[in-house]
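Q: Need a 3D model of the sequence below.
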Amino acid sequence: MNPYIMTVLLFGLGLGTTITFASSHWMLAWMGLEINTLAIIPLMAQHRHPRAVEATTKYFLTQATAAATLLFASVTNAWLTGQWDIQQMTHPVPTTMITLALALKVGIAPLHTWLPEVMQGLDLTTGLILSTWQKLAPFALLLQLPLQNQTMLVIMGLASTLIGGWGGLNQTQLRKVMAYSSIAHLGWMIIIIQFAPSLTLMALMIYMMMTSSAFLMFKINNALNINTLATSWAKTPLITAMAPLILLSLGGLPPLTGFAPKWLILQEMAKQGLALTATMAALTALLSLYFYLRLSYALTLTMSPNNLPGMTPWRLKSHPINTSPFYNHSNNPNTPTPHTNNYNLYNPL
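A: As a prediction, the model looks like this:
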C-alpha cells in the first residue's frame, strides 16, 4: 500500500477514536465510531486475497449493524427524554439497546461470532489493531454510560469468559486463538464495569500491552498456526525463551502481570456479594490457561526437524541466488555469482 494512503488511514483511525473520546453528544460519538470503522476497512482488504475480502465484508456488515442500532437507540432516547448527552441516559430501553450495540462492536458474547472469522482472514498487523486499538472507542462509551441492568452485564461477562475459554481449546490457528482470548478478556472487563470502572480500564490497558507483545512475537516468527511455532527456537531463541511469560501472563497465571487485574476483579466481586459469580469466572479462566499452555509447549518444548543451515537463520544473512540460465548476473553487481558447473543445465547426462 502507498505510504501516503497508509498514513491517511492511520490518521483516520486515531481521529475517529479521539472524537469518540472527546464527545459527550451521541451524534459526535457515533461519527467517531464511523470514521474509525471506515479507516480500518481498507487496511483489512489491502492484500486483495479472497479470505481478506470475506473478512472485511463480515466486519463491515457487523459494524454497520451495530452503528445503526446505536444511532437508533440514541435518537429514541432523545425522543423519550429530550437528552442527547451520553451521561444523561435515564430510560432503560435505549440504554439496553446501546449496551448491546457496543457489545456487538467489540465482540462480547453472545454477539461474538463474527470476531474469530474476521480475525482469521487478516494479517497479524491488522489483527493486532483490531484486537487492541478498535476496543478503545466502544469501551470509552461503555465507561461513560450510566449502566442500569446489572444482571444482563454479569450474564454477558460470564458467557464471554466461558465461550472465550471453551472456543479456544480446539483451535490450531493462532489468530483464532487470539480472537477467543480477546473474547475471554472482554468478559472479565464487562463483569466489573458497573461496580469498579477503574478496574475495567486497568484490565483493558494490561490486556492491550500483553496482546501487542503476543502478536509482535508471532509476526517476528512469521507464525500463523501452532505447528509453525516449533520452528521459533531456531529463528529467535531469546524471544522464544521469553514468550511463555507473555502467554501465561495472558492466561492470568500468578505471579505474572495478567494475574493482577483478575485478582482485583475477583476481590471486588466478592465485596459486592457476587461470590458465586466470582467462582464461576475463576473456573472459566482455567480453560483459557489451558490453550495458553498449549502454545507455550509448542514454542519451548518442541523442535521441528531441521538441517544445519535452517537452524541458523538468525545468525547468517541469506543471499537469494537466481539460478535461471536466462539471467545475466553481470548486470546485477549486488547478486553473488552462483557456482559454475561443467554440465549442461538441460542435459546433465
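
Q: Okay, Leu128 and Thr300: tell me how far apart.
A: As judged by C-beta to C-beta, to the nearest Å, Leu128 and Thr300 stand 23 Å apart. Yep, even glycine has a C-beta here, placed from its N, CA and C like the rest.

Q: who's more crowded, the two?
A: Between Leu128 and Thr300, Leu128 has the larger neighbour count (other C-beta atoms under 10 Å), namely 20 against 17.

Q: Apart from its chain neighbours, what residue comes closest to the more buried one?
A: Closest residue to Leu128 apart from its sequence neighbours, by C-beta to C-beta, 6 or more residues apart in numbering: Phe215 at 4.1 Å.

Q: Contact partners for that neighbour?
A: 124-125, 127-128, 131, 178 (C-beta atoms under 8 Å, 6 or more residues apart in numbering).

Q: can you count the residues close to Ala203?
A: Residues contacting Ala203 under the criterion other C-beta under 10 Å number 24.

Q: before we move on, what about Gln148?
A: The number of residues packed near Gln148 is 15, by other C-beta under 10 Å.

Q: For Pro254, list the residues it contacts.
A: If you count contacts by C-beta under 8 Å, 6+ apart, Pro254 has them with Trp263.

Q: That one and Met242, how far apart?
A: From Pro254 over to Met242 (counting by C-beta to C-beta), the distance is 18 Å.

Q: And for Ile129?
A: Taking C-beta to C-beta as the measure, Ile129 falls 23 Å from Met242.

Q: do the same with Lys176
A: For Lys176, the distance to Met242 (C-beta to C-beta) stands at 23 Å.

Q: With neighbour numbers in mind, choose between those two.
A: For Lys176 versus Met242, neighbours defined as other C-beta under 10 Å are more numerous around Lys176 (19 against 13).

Q: Report the secondary structure element holding the closest residue to that one other than its chain neighbours.
A: Using C-beta to C-beta, 6+ apart and skipping residues adjacent in sequence, the residue nearest Lys176 is Pro116, 4.8 Å away. In this structure, Pro116 is located in helix 114-120 according to DSSP states H and E.

Q: Which parts of the stretch 201-349 of the chain are helices?
A: Along the stretch 201-349 of the chain, counting by DSSP state H, counting those that start in this stretch, helices occupy 232-235, 237-251, 259-271, 275-300, 308-311.

Q: Out of those, flag the one nearest Gly167.
A: Closest approach to Gly167 among the helices of the stretch 201-349 of the chain is made by helix 275-300 (9.1 Å; C-beta to C-beta).

Q: Give me the angle between the closest one and helix 237-251.
A: On the basis of axes from the mean of the first three to the mean of the last three C-alpha atoms, to 10 degrees, helix 275-300 is oriented at 170 degrees to helix 237-251.
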